[in-house]
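[1] test case, fold it:
(chains A and B)
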Amino acid sequence: MGLLSLAIWMPIAFGVVLLALGRDEHARVVRWVALIGALASFLVTLPLYAGFQLGTAEMQFVEKMPWMERFNVFYHLGVDGISFWFVLLTAFITVVVVIAGWEVITSRVNQYMGAFLILSGLMIGVFAALDGVLFYVFFEATLIPMYLIIGIWGGPNKIYAAFKFFLYTLLGSLLTLIALIFLYTKSGGSFDIATWHKLPLDGTTQTLLFFAFFAAFAVKVPMWPVHTWLPDVHVEAPTGGSAVLAAIMLKLGAYGFLRFSMPIAPDAAREWAWLMIALSLIAVIYVGLVAMVQQDMKKLVAYSSVAHMGFVTLGFFIFNDLGVSGGLVQMIAHGFVSGAMFLSIGVLYDRVHSREIAAYGGVINTMPKFAAFALLFAMANCGLPGTAGFVGEWMVILGAVKYNFWIGLLAATALIFGAAYTLWMFKRVYLGPVANDDVKALSDINSREFLMLALLAVAVLWMGVHPKPFTDVMDTSVAELLKHVAQSKLN
Amino acid sequence: MTDKLSWITVYPEIVLLVMACLITLMDLGVSSRTRTRTYVWTLVSLGAVALLQLLYALGGATLYGLHNMVVSDPMGNWLKFFATIAVMVTLVYARPYAADRDMLRGGELFSLSMLALLGMFVMISGNNFLLIYLGLELLTLSSYALVALRRDHAVSTEAAMKYFVLGALASGFLLYGLSMMYGATGSLDINAVFRAINSGSVNAQVLVFGTVFVVAGLAFKLGVVPFHMWIPDVYQGAPTAVTLMIGGAPKLAAFAIVIRLLVEGMLPLAMDWQQMLMLLAIASLLVGNLAAIMQTNLKRMLAFSTIAQMGFVLLGLMSGVITGNLLSADNAYSSAMFYVVTYVLTTLAAFGVILLLAREGFESEEIADFAGLNQRSPLYAAIMAICLFSLAGIPPMVGFYAKLSVLQALVASGQTLHIGLAVFAVIMSLIGAFYYLRVVKVMYFDEPITASTVSAPLDVRAVLSVNGLLVLLLGIMPGGLMALCAQAIQQMLRN
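    Coordinates of the predicted model:
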């Protein structure tokens, strides 16, 4: 069994074991098994880093076996510079999420932990799949555990949120399924993504395919105006669910643009780049403004996610290496930062059971250690140099300025809005005098919470100070992708 | 080979018939409330028949027998094998339910089920219009009696009446259509009819009229819109065990007669019947899915969902012949076959859970009865959820691959109309996802109304677990079953 298969199936196997472990009497055992499973699944991804060859855009750690011979479908895995980091990110976030749910989840612990581990394996599968059907199976299968996570452990309006999440994203991906089948027919019976990259297609077909993919990926990212599911879902989802959703699931969509839309329909991608750029800028600016007026912390961070993902798609569709690499770096950074933001909100919510900004004030007085972490993550969210958030945004803005000064300028305003809504929230929640008895009664984070936030803090700082390992891995693949996209596929 | 009797082609039917009679006689001496002896003997006989069928199917030969009246080909043998297994599984699930409801006063449940299975066998391997019709009548007559088995239950009796009247009407349609075909071609033999139509010397008007009636009759039996009226009432009204007997295995037989009559007999008329199937499919997807949303009774919801699922099967069947060429025929028909087989598998498990939850005096057929099932029994909740996700077509359940292959058959035709239909079908399955999810929601997100745990006899638990697991495992490894269907259909088309 190859390393990638191990990275996919190890968490799933642990998840199934957890599901079989039964009821809440064994909650302690369940938690430890979950932690061991998550750690083991993370550890098996580390040899990938050690063995990853820089300087080539070829797929690495390739595994290929026939899966459904009748449709020429293969169990075909591999990673390149584009997908590589997300495998590690997913496994890492899963460890953090297991720690985050440790004492917080008291009912049906085994199902909670099992769902997250299975979800982790499925998401790694999405990033590693090189076969259209395999990709789609993993992509869709992630909906099931997430639907259950939101619906079982979510907030008061969880059922609405769970349905909205499932149906909204399903609608998008079903159209993509037709696109995949169409490509299969068009390519003479192959579901191989690399074959599709080389397939010549005429302009109309490309446009149709581009929008069929757009339906799935834009919803998942989410891009304005199909982002409306995200705030509702984030607000209702349990902390761990929000963290995984923001940190990884959104990236599935952005990753889809790079793996499917751009290389398969390059001419359409270039033709419609203006639209994508416009939607991204709207997300960055308008949604940034929307974030500013939110009363609910989770909603605020959700809108901020949409704005940050707007940066990602902006970077992709300006077609230069700074932009695309910047977008990818931003995806990883946002994975750490948004995950951390949601977990921080979770820390407060577990104590006070409110997400309203107005319910807090002066938290720094009672929870100084926690406030220090929160400040770091808030700074990373605004893109302060030295934190992970800065690198990606800076690269995208540079890329955008190179592409067109005015687009770059508009994108740069996002830094201002980002700083505004994040810091304003920080001020209202953490600074000032102690606002009420609830805040007065707060106890600072315990060692478990410290560990979970510290893990993320290290990642955020490491990526901010030393982003080179991240960009090194991407460079060649991104250059190759851009070269490919620059060539017309029209006959 | 054609003019010999070739008894070998009908050995499974003979075994089945003999055992059905013997078990009916033997049952006279059984007095236990649960009829364990009858039950065991029935399962053993069906197991033997299944084994025999499996050997035939693996042998892979196409044989004609009884003066060309029956055909034994891989497609038929596999379908008969699956049908036998489905009836066995149905009986396992059905027995505790039936015992609680005074349906086991005699052994009719078992003997009628065996006769119904015999009817399916005859339908599947019939190579003659009249024989196929006889098989159909044997199946439906047994089914009418099965529905009425709970004779002091008003709703069941009403369902039986409805089923009987509409079923008789449908049989009439079919017979009328077949007689027109006979009038036009002068033969009841499927191969001869095919040759006659293919020669082009037959009056086309009569043929098309006949086709219309045949398709209408088949549509009744498949339960597709606008011939679907009986499905919701019968599904809901019949005792759940019998609902499964009607909604499971017979779908395989119905698929087989569609193939035998329309493809083997009337393939040259494909351009005519494909259009009819298309309209039926569109209407079924639309009505089935929309009506299912409003249901609060799970059996009725599954009835409407069946209608929608059969719409998908028709989509596969109608994309075989494209602009007069047969290149995509095996692709299209095998996708439909795969769809039906996996549908039956999933339906068995879903109804298995319903039957399992039903207790004496409690039917467990309202969706609300499933509230909080996850807390009462995580295993059965998981099985039900797997089935529902499979029916909704969410990977990695097997239902996804069924939808995938049907959509693939549609898109492969390259016609804009077909691609449009594929888009329509996926939008409809999005609606489908909603009502299936609603049941998952009830099971997982709602609080249980009763704290009682779920208990079941060992045989039911074991079979149900395997059944549910298969829905998932075939989703992870669907290649084998797909290849099997493809091969069976290819061989059928070559002959």
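[2] could you check the pLDDT of the residue lying closest to B:Pro395 once chain neighbours are set aside?
    Spatial nearest neighbour of B:Pro395, chain neighbours left out: A:Val137 (4.0 Å); criterion: Cβ to Cβ, 6 or more residues apart in numbering or on different chains. C-beta coordinates here come from the backbone N, C-alpha and C atoms, glycine included. pLDDT, A:Val137: 92.
[3] which is the next helix or strand following the helix or strand encompassing A:Val137?
    Assigned by DSSP states H and E, A:Val137 belongs to helix A:132-141. The first helix or strand that comes after helix A:132-141 along the chain, using DSSP H and E, is helix A:143-153.
[4] the following helix or strand past that next one vs chain B: in contact?
    Using DSSP H and E, the helix or strand that follows helix A:143-153 towards the C-terminus is helix A:158-186. Yes: judged by Cβ under 8 Å from any Cβ of the partner chain, helix A:158-186 comes into contact with chain B through A:158-159, A:162-163, A:166-167, A:170-171, A:174-175, A:177-178, A:181-182, A:184-185.
[5] tilt between helix A:158-186 and helix A:132-141?
    170 degrees (axes from the mean of the first three to the mean of the last three Cα atoms, to 10 degrees).
[6] beyond helix A:158-186, next helix or strand please.
    Following helix A:158-186 in sequence, per DSSP H and E, is helix A:193-198.
[7] would you mind listing what in chain A touches chain B?
    A:19, A:22, A:66-71, A:73, A:108, A:111, A:133, A:136-137, A:140-141, A:143-144, A:147-148, A:151-152, A:158-159, A:162-163, A:166-167, A:170-171, A:174-175, A:177-178, A:181-182, A:184-185.
[8] filter those down to the buried ones.
    A:19, A:67-68, A:70-71, A:73, A:108, A:111, A:133, A:136-137, A:140-141, A:143-144, A:147-148, A:151-152, A:158-159, A:162-163, A:166-167, A:170-171, A:174-175, A:177-178, A:181-182, A:184-185 (16 or more other Cβ atoms under 10 Å in any protein chain shown).
[9] secondary structure element for residue 13?
    If you meant another chain, say so; for now it's chain A. Going by DSSP H and E, A:Ala13 is part of helix A:3-20.
[10] try again with chain B
    Counting by DSSP H and E, B:Glu13 is found in helix B:11-27.
[11] tell me the helix or strand right after that helix.
    Following helix B:11-27 in sequence, per DSSP H and E, is helix B:36-59.
[12] list the helices and strands that next one packs on?
    Here helix B:36-59 touches helix B:11-27, helix B:74-100, helix B:108-125, going by 3 or more Cβ pairs under 8 Å, 6 or more residues apart in numbering or on different chains; DSSP states H and E.
[13] in it, what counts as buried?
    B:37-39, B:41-43, B:45-46, B:49-50, B:52-54, B:56-57.
[14] point out the residues in chain B that sit beside chain A.
    B:334, B:374-375, B:378, B:382, B:389, B:394-396, B:400-401, B:404-405, B:407-408, B:411-412, B:414, B:419, B:422-423, B:426-427, B:429-430, B:433-434, B:437, B:440-441, B:444-445, B:478-479, B:482-483, B:486.
[15] which residues does the residue most central in space within chain B contact?
    In chain B, the residue lying closest to the centroid (Cα atoms, centre = their mean) is B:Lys251, at 1.4 Å. Taking Cβ atoms under 8 Å, 6 or more residues apart in numbering or on different chains, we find B:Lys251 in contact with B:222, B:310, B:340, B:343-344, B:347.
[16] for A:Val79, same thing?
    Counting by Cβ under 8 Å, 6+ apart, the residues that A:Val79 touches are A:4, A:48, A:52, A:59-61, A:87, A:127-128.
[17] with A:Pro11 as the reference, measure out to it.
    A:Val79 sits 17 Å away from A:Pro11 when distances are taken as Cβ to Cβ, to the nearest Å.
[18] pLDDT-wise, which helix or strand of chain A ranks last?
    helix A:437-440 (a mean of 82; mean pLDDT, DSSP states H and E).
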